[in-house]
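**Student:** one predicted model, sequence on top.
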Amino acid sequence: MSFDSILDKLKNERGALSSILIIIGILLLAMVVGNIIAAVFMILIGGIGVDDLTDINGALMSSSSGWWALMIGQGVASILTFILAGVFYWKVVEKKNLDELNFESVNNLKVFGLVILTQLCFLPLNSWFQEINAAMQLPEALSGVEKFMKSMEDSLAEMTEYLTQFDTLPKVIFGFFVIAIVAGVGEELIFRGLIQRKLYKGLKNPHTAIWLAAFIFSAIHFQFYGFLPRLFLGAMFGYFFLWTGNLWVPIVAHIFNNGFAVIMYYLANTQVMDAEVAEMEHFPTSMVVGSAFLTGALLWYFNKMAKESRV
């Protein structure tokens, strides 16, 4: 859809700066409350004691029910931090209905198929971005910062490896719900549905708004060695939202991206697929170049189709 029509629909909304400050405030408060409630769930489900609270993650990872405790805790925290916080802002602060998050309706279901195809074609290129990011080295003067970044990355990688042990059907179903559906809905609601639209209003430039929202989206995950691939994914989701004017399009894209990873882990953990293949890493240069070409062509076609059909 045209950016002018988006700006026209933003006229009756709160100002950009005040809105973003309120959104951040609500997010921070929701994050604190969400983590406290999630910790209670994890303690009760994981069966750990008060002495274990200094290293709750480590204690849960050693518990027989630790996986369920951590995954349920993550789900509770995500729902409160992103979904409920976003809905609260939109309905209480903006005083609007949820369907007003969309600028347009989607009348052509081919859009969602094209979104999925584009994501699949993007995999080799984004894997290359991941390799570049992982090889990043900071100047000697920033060695302390680099050490902190690597320490945090190692800690998050250990947790990710533990949580992606999808070796049973109940685990993969619940993992899909938390990692794909809850994260997809919540993060797109906040970063595209609210923050990107407020940046539209304030900056009057859709591209700057999309990339800045994608930067914030990637930075808030605190995984510095996965910053680039997440940045480009966030930007892609942002353009999906811009071109269609419908928040469900980037939500479906996000759910597919995360859900695809969950299924790949499950296939690897159950030895249906070789682990190296399931990880979808280290693509040959020819595939990366082909991925870049196909992704660019599909994005061009997506934009063209959106303009012609006014999806």
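**Tutor:** Nice, I can see it. Residues are numbered from 1 along each chain as shown.
**Student:** who are the packing partners of the one helix or strand Val32 maps to?
**Tutor:** Secondary structure assigned from DSSP states H and E places Val32 in helix 16-46. If you count contacts as 3 or more CB pairs under 8 Å, 6 or more residues apart in numbering; DSSP states H and E, helix 16-46 packs onto helix 56-61, helix 66-78, helix 85-88, helix 197-203. From N, CA and C alone the C-beta is placed, and that goes for glycine too.
**Student:** look up how far Ile83 lies from Phe260.
**Tutor:** 21 Å (CB to CB, to the nearest Å).
**Student:** okay, how far is it across stretch 91-99, tip to tip?
**Tutor:** End-to-end distance for stretch 91-99, by CA to CA, to the nearest Å: 11 Å.
**Student:** kindly report the same for stretch 274-291.
**Tutor:** End-to-end distance for stretch 274-291, by CA to CA: 22 Å.
**Student:** what mean pLDDT does it get?
**Tutor:** For stretch 274-291, mean pLDDT is 80.
**Student:** list the buried ones in stretch 131-142?
**Tutor:** Residues of stretch 131-142 classed as buried: Asn133 (neighbour count, 16 or more other CB atoms under 10 Å).
**Student:** repeat that for stretch 42-52.
**Tutor:** Under the neighbour-count criterion of 16+ other CB under 10 Å, stretch 42-52 has Met42, Ile43, Ile45, Gly46, Ile48, Asp52 buried.
**Student:** ok, and what's touching it?
**Tutor:** With contact meaning CB atoms under 8 Å, 6 or more residues apart in numbering, stretch 42-52 is reached by 53, 56, 58-60, 63, 65-66, 68-70, 72-73.
**Student:** out of the helices and strands packed on helix 16-46, flag the one nearest Tyr266.
**Tutor:** helix 66-78 (13.6 Å; CB to CB).
**Student:** which strands or helices does that closest one pack on?
**Tutor:** helix 16-46, helix 56-61, helix 143-163, helix 169-175.
**Student:** got the CA coordinates for the shortest one in PDB?
**Tutor:** Just to be clear, that refers to helix 56-61. The C-alpha trace of helix 56-61 is given here as PDB (Å, rounded to 0.1, in the frame of the first residue of the first chain):
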ATOM      1  CA  ILE A  56      17.700 -20.800  38.900                       C
ATOM      2  CA  ASN A  57      18.500 -21.700  35.300                       C
ATOM      3  CA  GLY A  58      21.300 -24.000  36.300                       C
ATOM      4  CA  ALA A  59      19.200 -25.600  38.900                       C
ATOM      5  CA  LEU A  60      16.300 -26.200  36.500                       C
ATOM      6  CA  MET A  61      18.600 -27.600  33.800                       C
END
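**Student:** rewinding a little: so for Lys307, which of the helices and strands packed on helix 16-46 sits nearest?
**Tutor:** Set against Lys307 and scored by CB to CB, the helices and strands packed on helix 16-46 come closest in helix 197-203, at 17.9 Å.
**Student:** returning to what we had before: and the contacts of stretch 42-52, which is closest to Gly113?
**Tutor:** Ile72 (32.8 Å).
**Student:** distance check, Ala69 against Arg230.
**Tutor:** Relative to Arg230, Ala69 is positioned 26 Å away (criterion: CB to CB).
**Student:** with neighbour numbers in mind, choose between these two.
**Tutor:** Taking other CB atoms under 10 Å, Ala69 and Arg230 do not tie; Ala69 has more neighbours (25 against 21).
**Student:** which residues touch the more buried one?
**Tutor:** Ala69 neighbours (CB under 8 Å, 6+ apart): Phe41, Met42, Ile43, Ile45, Gly46, Leu60, Ser63.
**Student:** repeat that with 6 Å
**Tutor:** Each residue near Ala69 by CB atoms under 6 Å, 6 or more residues apart in numbering is listed here: Met42, Ile45, Gly46, Leu60.
**Student:** farthest-separated two in those residues?
**Tutor:** Among the contacts of Ala69, the pair separated by the greatest distance (CB to CB) is Ile45 and Leu60, at 8.8 Å.
**Student:** buried only: go through the contacts of stretch 42-52 for me.
**Tutor:** Buried among the contacts of stretch 42-52 by 16+ other CB under 10 Å: Ile56, Ala59, Leu60, Ser63, Gly66, Trp68, Ala69, Leu70, Ile72, Gly73.
**Student:** out of these, flag the one nearest to Lys11.
**Tutor:** Nearest member of these to Lys11, counting by CB to CB, is Gly73, at 41.2 Å.
**Student:** can you list the low-confidence ranges for the chain?
**Tutor:** Applying pLDDT under 70 to the chain flags residues 1, 50-53, 142-143, 145-146, 148, 275-280, 309-311.
**Student:** again, 80 this time
**Tutor:** Within the chain, the stretches with pLDDT under 80 are 1, 48-58, 135-157, 221-225, 272-282, 308-311.
**Student:** cheers, nothing more for now.
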